[in-house]
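Engineer: I would like to see how this sequence folds:
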Amino acid sequence: MKTSRFSALVAMALAAPLPFSPLVRAQSPKPASNDGPKLPPEPAPDCQARVGYDRDMVLPGYIMPTSAGDRTCIPFTTALVRRPADYKGDFYVDEFTDEKLRQHWEDCKKDKACYDRVYKQVMARHPPNREQTFTDTHARFLLGKIEERGADTDLKTIRRPGYFAREPYNESIAEAESRTYTVEFTAPPDAYERLQRHATENIHLRGWYIQGAGIDDGKGHRVRSLVILSGGGGDRVTAIDDPRDKGYEIDPKTGETIPNDDFPNATTGVKGMAAWRNMVHVLNQAGFDVLEFDRRGIGISGGFSETNTLQQGHDLLRIVASLRNGDGMRALTPSGELLLGYKAATAVHGSKPDAGQSTFFMGSSRGTMASSWAMTQNFDKDCSYDLPTIACKPPLKDDTIKGAILIADFSSGVGYLPGETTPKDDGRGPGRDRGLFIGGIEVEHNIVFFPSSATLAGIPKWPSAFFARGLWCYADGLEGEVDSYTRTNGLKDLVVVRGPHAYETWPESERLRVRERIIAYATAVVLQHKNIPGRRTWSNMKELVATTSDIWEPSTHPTVVPGK
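Structural biologist: Predicted coordinates for the structure are as follows:
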C-alpha cells in the first residue's frame, strides 16, 4: 500500500471532530529491517480502571496482583494511531514529519470547522506568556520576576537558594547557597521574534549554576559532570512554592479532582517548584554540577516568545559552548562578585573550562521537548522547522554531551498521542488535534512547540537516555515511551510509576526512586560502565507496567476486577 494512502488515513484520524474512537488496536507486526525498531510485544489490555488526578477518566489496563487484590487493574494511556500491519517503512517517523504535518494543516484550512477549532489552539500558544502582562507586585514577587534590562540586568536582584531556608519553606536547596553562581547566557531572538516582530536584540537566559564535588569513581578520584535542567511549562527557577498550598482538591460529591490552577495566588508562585529544587539538591549532593535555568520568555530570563522548543534546544547547545569559552556569559559568585566572559566560565567550572565536562540535558514535560531537540541537533541533524522553508544542516557533534534525562516525556513525537483524551487534554495537549496544531503554529507563527517525528527519528544516534513517566501521562501513549526507549542504543533506563504526567504530583517515595535511578544512570554513563545497576527488567509492555512500585498517586484508588 502506498505511503500517500497512510498519510490520508493519519490526516483523517487527526482531523476528525471530537469525540473520536481510536483506530482498531492491532498486535505489533514484526517489521523488516527498514521498518523502524523491532518493538517489544504489546499484550492487549484486559481490563479498565478509573484514574484520578489529573485525568479523571477510565483507561485500559492490565490485571496484576497488588496489595489491593490479586486481580487489580493497573491503567495506562494507549496510542491513538496504530501502525497498519502491512505498512512498509518506519510508520511513526515517516507519517508524522514536519513536512506532512504542514500539509495536513493546509488541508485543514480548507475546512472552516477544522480551521476554527485548531487555530483557536494555535492562538492560545501565541506569545507572549501571560506572566508578561502581570503588573501586580506581589504576584511578580512570588514568581521571582526581576526588572529586565538586558545585559545590564542586576543579577543581585535574582532570588538565591538561601532564601528558601526560611519558614514555611525549609527547602533543602538552601544548603547549596555557598556553591551557587547566578549565571546569565546570551542567545539571539527566535524565528517568531525576528520574522513577525522584527526583533534584532539578543536575549538573556538566567539561572543557578551549583558546583558539585564530582562523582566518586571508586578509585579515590572524583569526576566532574554537569546536568542542565530545563523545566516544564509552568516551572520558574526562583518561584515560591508554599507547602501549605495543594495542587488539587477532591469534590466530595463526585470524587473528581479539582485542580488548583490559579497560581500565582496569595502565597505560591508556582506549585511544584519545591519538588524540582529538591531534585537539583539531590543530584548536587551526589556530586553533579547542576545548572537550572528559566527558558527564554519566562521567569528570570529575558525574551518575548517562550513557546519555540526547537530554539530552546539551540539555547541548550549554546549554553554548553558558553560554559567552555565564556561568550555572552556573566556570573555572580557566591560572594557577590560579578564576572564576565571567560572569567565567568572559569569561575563556574572551578578551573580552565575549555575542555568542558560530561553533560546531560534533563527535561521535565516542556523541557523534554527542548532537551530532545538539543540531542537531535547535536547527534542527528539540525533543521529549520520554524522557517518557511525547511533546510537541514549536519549535527553539531559535541562529544561532551553524554545523554538525556527525560521526565514526563514528549520525545516520541505526535505519532503516539494518546487515544484517551478529556476536554482538558484537548486544551493543553491540544488533544487529538496535536498534529494539526504542530503544522499550524509552524506555518502561521514560525514556532515549533510540540515535536513532530524528528526527535524520535534521531534517538538511535543518541549515546544514552533515561526516561521516567506516569502510567496515565497525557503526553503520549505508553507505546511511545517504549519506542523511544527501544531506539536508544547506548545505556538506558525506563522508570514508570502509577501516576499522572507531572513528576511533582507523584508520591514522594516514587520521586525518591526516580532520583536514585537518575543518579545510577548518569553515574554509569560518566564512568563508562557497561550496565546500570538496579534496573527493573522487562521484555514486553505488560511486564513494564509490572515494574511499577505498589504505590499509587493518592487520588487514584485501585480497581479490583472480579474473577470469572
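
Engineer: wait, doesn't Gly490 sit right on Trp462?
Structural biologist: Yes. Using CB atoms under 8 Å, Gly490 is in contact with Trp462, at 7.0 Å. Glycine gets a C-beta too; all of them are placed from N, C-alpha and C.

Engineer: looking only at neighbour counts, state which of these two leads.
Structural biologist: Trp462 (25 against 13; other CB atoms under 10 Å).

Engineer: what sits against that one?
Structural biologist: Going by CB atoms under 8 Å, 6 or more residues apart in numbering, Trp462 touches Met375, Phe379, Gly403, Ala404, Thr488, Asn489, Gly490.

Engineer: what about those, which are in strands?
Structural biologist: Gly403, Ala404 (DSSP state E).

Engineer: tell me which of the contacts of Trp462 is nearest to Ser230?
Structural biologist: Distances from Ser230 to the contacts of Trp462, taken as CB to CB, are shortest for Ala404 (10.4 Å).

Engineer: any idea how far that closest one is from Gly272?
Structural biologist: 21 Å (CB to CB, to the nearest Å).

Engineer: could you do Gly403 as well?
Structural biologist: Distance from Gly403 to Gly272, counting by CB to CB: 24 Å.

Engineer: what segments of the stretch 301-450 of the chain are helices?
Structural biologist: Ranges of helices in the stretch 301-450 of the chain, per DSSP state H, counting those that start in this stretch, are 309-325, 341-349, 366-379, 425-428, 434-445.

Engineer: mean neighbour count and mean pLDDT for the ones you listed - can I get that in a markdown table?
Structural biologist: As requested, these are exported to a markdown table (neighbours: other CB atoms under 10 Å; pLDDT from 0 to 100):
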| stretch | mean neighbour count | mean pLDDT |
| --- | --- | --- |
| helix 309-325 | 23 | 98 |
| helix 341-349 | 20 | 98 |
| helix 366-379 | 27 | 98 |
| helix 425-428 | 16 | 70 |
| helix 434-445 | 25 | 97 |
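
Engineer: of all those, which lies closest to Thr254?
Structural biologist: Here helix 425-428 is closest among these (CB to CB), at 18.5 Å.

Engineer: quick check: neighbours shared by Gly490 and Trp462?
Structural biologist: Gly403.

Engineer: nearest to Ile158, out of the helices of the stretch 301-450 of the chain?
Structural biologist: Smallest distance to Ile158 across these (CB to CB): 14.8 Å, for helix 341-349.

Engineer: contacts for that closest one?
Structural biologist: Against helix 341-349 from outside (CB under 8 Å, 6+ apart): 181, 183, 209, 211, 322-327, 329-331, 333, 339, 352-353, 357.

Engineer: just to revisit the earlier point, got the contacts of Trp462 as CSV, with distance to Asp111 columns?
Structural biologist: Below are those laid out as CSV (distance: CB to CB, whole Å):
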residue, distance to Asp111
Met375, 36
Phe379, 38
Gly403, 43
Ala404, 38
Thr488, 39
Asn489, 42
Gly490, 44
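
Engineer: ok, so of the contacts of Trp462, who is nearest Ala520?
Structural biologist: Looking across the contacts of Trp462 and measuring by CB to CB, the closest to Ala520 is Gly403, at 12.8 Å.

Engineer: the closest one and Ala524: what is the separation?
Structural biologist: 10 Å.

Engineer: these two: which is more packed in?
Structural biologist: Using other CB under 10 Å as the criterion, Gly403 and Ala524 rank with Gly403 on top: 26 against 18.

Engineer: so the more buried one bridges to which residues?
Structural biologist: In this entry, Gly403 is beta-bridged to Phe360, by DSSP bridges.

Engineer: Ile258 now?
Structural biologist: Beta-bridge partners for Ile258, by DSSP bridges, are Glu249.

Engineer: try Asp216
Structural biologist: Legend: beta-bridge partners of Asp216 under DSSP bridges are Arg222.

Engineer: can you pull out the strands in the stretch 351-500 of the chain?
Structural biologist: 358-364, 382-383, 392-393, 401-407, 464-470, 491-497 (DSSP state E, counting those that start in this stretch).

Engineer: nearest to Leu317, out of these?
Structural biologist: It is, among those and with distance given as CB to CB, strand 401-407, at 8.1 Å.

Engineer: give me the residues contacting that closest one.
Structural biologist: Residues contacting strand 401-407 (CB under 8 Å, 6+ apart): 225, 227, 320, 358-365, 368, 371-372, 374-375, 378-379, 411, 462-469, 484, 490-491, 503, 514, 518, 521-522, 525-526.

Engineer: any weak-confidence spans in the chain?
Structural biologist: Counting by pLDDT under 70, the chain has low-confidence residues at 1-34, 427-429.
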